[in-house]
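1. sequence and predicted model, in that order:
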Amino acid sequence: MAKICLCLTAKTIAADLELLARNRGYVDIAELRVDCLDPDERFLLRRFPEQAGLPVVLTVRREKDGGSFAEGEASRIRLLAQGLAFAEADRRKNFAYVDLEEDLNVPSLEEAARTFGTRIIRSSHSFNGVDADIPGKIRNLCRTGDEIAKIAVLARGSADALALVRAAGKVRDVDKILLCMGHYGVFTRILAERLGSQITYTSAEGEPLAAPGQLCPRDLVELYRFHSIGPETKVFGVTGYPLTVTNSPKFFNTVFALETNDAVYVPFPTDSLRDFMALADELDVTGVSVTVPYKEAILDYLGSMSEDVEWIGACNTINRGPQGWRGTNTDMRGFSDSLLAFMDTIDAGKRTGEEDEPWRIRRARARKSVEISRLKGKKVTVIGAGGAARAVAAELYRLGARVLILNRTLMKARNLAAPYRFSWGGLDERGVDQMERFRDIIIQTTPAGMEGNPDRDPLELYAFSGKEIVMDLVYKPDRTPFLRRAAAASCPVLNGYDMFIRQARYQYTQFFKRDFPPALLARVNI
């Protein structure tokens, strides 16, 4: 079974032991990064395994391999020798592993390690992508059969991650550690067991990452249930780019844990939909949530699709089936359910004189929506013309609203508006003038203002009157510049969190062919 290793990169032994104490309940192994220690602290490294009280990897990482050791090789070899010297009969007091790079050739170190039961991890670190023959590299890396081959690659894109996963399938008989560093390789750290990787490396929560893309031990154990992932575990996930802001893994993994469902939900950031779909096949992924910018492009990879997807040309949920991937769209109902419920809370507040009461409290009092009567004839402006806007436009049309589509690219606005005979325009003064006839409700569907994106307001030319109902599909942060400005003008405002929860519940139904258990909703605190 794959093990969780905590990388200890503090400047002192005492600080490393403190980090280990905080994370002991989550990790199986610790890696002492001697290269990160202050020079005087390095003299104390020999006693560390006994102090740690669990298996420890001895590592002195050079700068060229992503570490901090800048002195010469002779000094580094002396530190490695110091860590392996004076071995105890009680192996728990010795280093359990020593990391030796592929080009380090010091037979005396290797002999000392083997004599006293310290297993050699023969490592290769690449910051320039994958080798042409990764399986060959893995097989040739170890000098004897008792070593563990470690390949760590900084993935430049999904193609590198895909190559590593394919290589894993060809070297199942080799003891190995395989991981892709960086954003594109996060899944390799979660699915280590699926890749046949013996160790996954982590960094302590709140501390600088020892390597790009590492997760904290608590997330691996509590969120992803790392030690429960096995050959029969169903893999679900979310794909998009850059995928830096998503609550989907927390929602679904929390639900899976509450249900004791043998499943895991993993983030798959990708710069290539083609490479991701190949990766999903390699990993036998069961279902995927699709987010920006791939909600339209994903249609090319579907074997079948729901009528909604065929109608609107956007898909946010795919499931593996006998005829390949089937696409559905849960954004549509997630959006309309959320907006209608919010409108009910506004009306409830007006009836009871509670306009100033927080909408999250009022929502609990809302009555069941009567869909068509609530939106029929309402004058609505939609900002954006991407995949999310397609779902929003389709629902507004279904519910009888009169709509204006505004987008920076006029052609996209026109193309989205045409099938519904909606009005359309640009995000300029002329478009703002058009809004005078479509200002009952304003819905912002672009990523503008989302965490990780420029902190901007896509409708800065428009002056809110305070009478508009304003919705932004972004939910991180709670209020974008667009929503803050609307709230300051006394408009009722709604972010995308409620819509996210509702569409995720519909996705659950698509994934498992059963309704989302209502009793779980109150326990999914994200």
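-> Looks like it arrived, so ask away. Numbers count the residues shown, from 1 in each chain.
2. tell me how far N407 lies from G67.
-> Counting by C-beta to C-beta, to the nearest Å, the gap from N407 to G67 is 48 Å. Glycine gets a C-beta too; all of them are placed from N, C-alpha and C.
3. make that R78, sorry
-> 16 Å.
4. do the same with F500
-> If you measure F500 against G67 using C-beta to C-beta, the figure is 40 Å.
5. what's the answer for L339, then?
-> Using C-beta to C-beta, we find L339 at a distance of 52 Å from G67.
6. of the two, who's got more company?
-> Counted by other C-beta atoms under 10 Å, L339 and G67 do not tie: L339 has more neighbours, with 26 against 22.
7. that one falls within a helix, correct?
-> Yes. Secondary structure of L339 (DSSP: H, G, I helix; E, B strand; the rest coil): part of a helix.
8. which SS class is the residue nearest to it when sequence neighbours are not counted?
-> Closest residue to L339 apart from its sequence neighbours, by C-beta to C-beta, 6 or more residues apart in numbering: M471 at 6.1 Å. Secondary structure of M471, reduced to three states by three-state DSSP: strand.
9. count of neighbours near M471?
-> Taking other C-beta under 10 Å as the neighbour definition, M471 ends up with a count of 27.
10. repeat for the one 3 residues further on
-> A total of 25 residues lie near V474 under the criterion other C-beta under 10 Å.
11. check I405 too.
-> Counted with other C-beta under 10 Å, the burial measure for I405 works out to 29 neighbours.
12. who touches it in this structure?
-> Contact partners of I405, counting by C-beta atoms under 8 Å, 6 or more residues apart in numbering, are 382, 385, 389, 393, 413, 416-417, 422-425.
13. and what of I151?
-> Residues counted as contacts of I151 (C-beta under 8 Å, 6+ apart) are 123-124, 126, 134, 137-138, 141, 164, 176-179.
14. so which of those residues is the closest to G287?
-> Proximity of these to G287 (C-beta to C-beta) peaks at L164, which lies at 22.9 Å.
15. now do the contacts for the closest one.
-> By C-beta under 8 Å, 6+ apart, the residues touching L164 are 130, 134, 151, 153, 155, 178-180, 185, 188, 195.
16. for V27, what are its contacts?
-> If you count contacts by C-beta under 8 Å, 6+ apart, then V27 has 4-6, 20, 54, 202, 217 around it.
17. pull up the distance across stretch 166-175, start to finish.
-> Taking C-alpha to C-alpha, to the nearest Å as the measure, stretch 166-175 stretches 16 Å from start to finish.
18. go on, stretch 437-450?
-> 28 Å.
19. likewise stretch 375-394?
-> End-to-end distance of stretch 375-394: 13 Å, with C-alpha to C-alpha as the criterion.
20. out of the contacts of V27, which is most surrounded?
-> The most neighbours, when these are compared by other C-beta under 10 Å, belong to L6, which has 30 neighbours.
21. immediately after the helix or strand containing it, which helix or strand?
-> Assignment of secondary structure by DSSP states H and E places L6 within strand 3-8. Going down the chain from strand 3-8, the next helix or strand is helix 13-23, by DSSP H and E.
22. list the contacts for D16?
-> Shown in contact with D16 (C-beta under 8 Å, 6+ apart): 8-10, 30, 32, 37, 48.
23. now K250
-> Counting by C-beta under 8 Å, 6+ apart, K250 touches 223, 526.
24. what about 10 Å?
-> By C-beta atoms under 10 Å, 6 or more residues apart in numbering, the contact set of K250 is 219, 223, 265, 524-526.
25. does it belong to a helix, a strand or coil?
-> Following three-state DSSP, the label given to K250 is helix.
26. got the confidence number for the residue lying closest to L19 once chain neighbours are set aside?
-> Distances taken as C-beta to C-beta, 6+ apart put A204 closest to L19, at 4.6 Å, once the chain neighbours are dropped. The predicted local confidence for A204 comes out at a pLDDT of 97.
27. quick one: low-confidence residue ranges for this protein.
-> Where the chain drops to pLDDT under 70, the residues are 351-373.
28. name the residue closest to the centre of it, please.
-> Geometric centre of the chain, nearest residue: P267, 3.6 Å, by C-alpha atoms, centre = their mean.
29. what strand or helix carries that residue?
-> When elements are defined using DSSP H and E, P267 is found to belong to strand 263-269.
30. what comes up buried for the helix or strand following that strand?
-> Moving toward the C-terminus from strand 263-269, the first helix or strand encountered (DSSP H and E) is helix 273-282. Neighbour-count burial for helix 273-282, counted by 16 or more other C-beta atoms under 10 Å, picks out 273, 275-280.
31. helix 273-282 vs strand 263-269, what angle?
-> Relative orientation of helix 273-282 and strand 263-269, computed by axes from the mean of the first three to the mean of the last three C-alpha atoms, to 10 degrees: 160 degrees.
32. list the helices and strands helix 273-282 packs on?
-> helix 158-170, strand 234-240, strand 263-269, strand 285-290, strand 317-321, strand 324-328 (3 or more C-beta pairs under 10 Å, 6 or more residues apart in numbering; DSSP states H and E).
33. just send these back as a markdown table, with distance to Y475 too.
-> As requested, those are arranged in a markdown table below (distance: least, C-beta to C-beta, whole Å):
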| stretch | distance to Y475 |
| --- | --- |
| helix 158-170 | 26 |
| strand 234-240 | 14 |
| strand 263-269 | 16 |
| strand 285-290 | 14 |
| strand 317-321 | 18 |
| strand 324-328 | 21 |
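34. tell me which of those sits nearest to A401.
-> With distances scored as C-beta to C-beta, the stretch of the helices and strands packed on helix 273-282 nearest to A401 is strand 324-328 (23.0 Å).
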